[in-house]
Each structure stands twice: as structure tokens, then as C-alpha cells.
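> Any chance you could fold what I've pasted below:
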Amino acid sequence: MTTLSPTRPLPTAEEVALARESGRALSAHLQTRAETQRIEIFDDQGSAHAVRMPVSALRLLVDVLTEIGEGNAVSIIPIHAELTTQEAADVLNVSRPFLVQLLERGEITFHKIGTHRRVRYQDVVAYKERIDAERGKALDALAEQAQALKMGYA
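Residues are numbered from 1 along each chain as shown. This next block holds a predicted model:
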């Protein structure tokens, strides 16, 4: 099982600058139709070691570098990961008790290991996408209503 640490330190100014620079450089070489790329990693003695990687992994690395370059801390969670209720609440940016209510109402599926609830990461993301879509529809309806009532919103 994947363990998430609750807090990640924010990148330093030096890490932010280096992430921006390396993200740009790497991104410039990903315009390819190949499924793999070969990169070289240099060890402490300056010796090069070739590494063959899937392009999808390199694109993910560019995404990580972009986030760090914006000063954000980054965590990577496998899609199949099982989360504790606190980890799932953190993903949704809600309190743990509120998340437990969602679980008990059946809005997000879960299972128990002993007395502990576990939630699949992809179920949490599916719930988030579903409520985001519902919120978007509600906002669109409010905007249409404001237009119809000529409330002065453009």
C-alpha cells in the first residue's frame, strides 16, 4: 500500500528555478511519436548512464517539474492506491468527519479492513469529477437565470 506523508515541504527558491529550467529543457525534447526515449544520467564521477524510459513517464516528469517550478509541493498517488479516510479527505480538501458522512451515505464506495475504512483513489477522483460537473451545471443555470432577469451580468 502507498503511504502518503501528510505534509510535503515547499520547494526552495533554488529548486523552483532549477525545476523551471529543467522542465523547459525536457519538454522541448518530448515532441516525438516514439513510445520511449533514451536519456543520460550522470553520476558523481561524471560518468553517463543511459536510461530508456516510456515517453509517458517523461511527460509526467515534465508535469512534476512544472508544479515545482510554480513553487508547489508534489505528491504522486498511483491510481489503484487505497487511501485512509484522512488521505481521501485531504484529496477532496474536506474534513475527515465530512468524508466519513459521504462514505456512510454511499456517495463514495469504500471497504473496511478490520474497523478501518479504505477508499480507492480512483473512487475519490470520480466523486470529485461528479460534484465538479454538478457545480458547473448549477453555475450555468444561475448565469442563465441572471441573463433572463437582466441582472446586469455580461
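
> all contacts plus neighbour counts: C-alpha atoms, from now on.
Noted.

> Quick one: classify the nearest residue to L83 once chain neighbours are set aside as helix, strand or coil.
Distances taken as C-alpha to C-alpha, 6 or more residues apart in numbering put V119 closest to L83, at 5.1 Å, once the chain neighbours are dropped. Three-state assignment for V119 (DSSP: H, G, I helix; E, B strand; the rest coil): strand.

> ok, L103 - contacts?
T109, F110 (C-alpha atoms under 8 Å, 6 or more residues apart in numbering).

> G71 versus that one, what's the distance?
Distance, L103 to G71, using C-alpha to C-alpha, to the nearest Å: 33 Å.

> just to revisit the earlier point, G106 is in contact with the residue nearest to L83, correct?
No. Using C-alpha atoms under 8 Å, V119 makes no contact with G106, being 11.8 Å away.

> Look at these two and report which has more neighbours.
V119 (20 against 10; other C-alpha atoms under 10 Å).

> quick one: contacts for the more buried one?
Listed by C-alpha under 8 Å, 6+ apart, the contact partners of V119 are E82, L83, T84, T85, A88, I108, T109, F110, H111.

> Check R24 too.
Per C-alpha under 8 Å, 6+ apart, neighbours of R24: V62.

> where does it fall, helix, sheet strand or coil?
Using three-state DSSP as the criterion, the local structure at R24 reads helix.
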